[in-house]
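Participant: Compute the structure for the input listed below.
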Amino acid sequence: MKRILLISVLFSVLILTACGGKTTNTGIKGQVFLAECMGNAVAADCFSQEPYQATLIIYTAAYEEVTRIETEADGKFTLELEPGVYYLHPYSASAYPIANDYHLGVVEGEWTEITVVYDSGIR
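Facilitator: Down below sits the predicted model:
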């Protein structure tokens, strides 16, 4: 099922590219937070969230880097992307803060909204 979805999304992207279609108003947007969390799972059972400025790395479904973006000071970001399947990797230069990767689908004419939560490591 995942393979069929991926193939259909990639086929749509190829058709748009072949037709010279340039997307507008399509991509991802959201906000990043830093939180204190409980338990052993990364960014699980979190509380006391604060906006967090971070670097986010976007990869294609084939794990090829598309771009890196720096969020605003309030953690908000907007990134225009072609329709397709992507991975968002919240970058961290050290063990903490840490966040899980996100699997995203971007659809023509729509914004995929996401909230990224970094685990501060404070228990």
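
Participant: which residues touch the residue nearest the centre of the chain?
Facilitator: Using CA atoms, centre = their mean, the residue of the chain that lies closest to the mean C-alpha position is Leu88, 3.3 Å off. With contact set as CB atoms under 8 Å, 6 or more residues apart in numbering, Leu88 has these partners: Ile28, Leu56, Ile57, Ile58, Tyr59, Asp101, Tyr102, Leu104, Ile114, Val116. Using the backbone N, CA and C atoms, a C-beta is placed for each residue, glycine as well.

Participant: My reading is that the first one is in a strand; is that accurate?
Facilitator: Read that as Ile28. Yes - counting by DSSP: H, G, I helix; E, B strand; the rest coil, Ile28 is part of a strand.

Participant: Distance of it relative to Thr67?
Facilitator: Applying CB to CB, to the nearest Å, the value for Ile28 to Thr67 is 11 Å.

Participant: quick one: common contacting residues for those two?
Facilitator: Contact criterion CB under 8 Å, 6+ apart; residues shared by Ile28 and Thr67: Ile58, Leu79.
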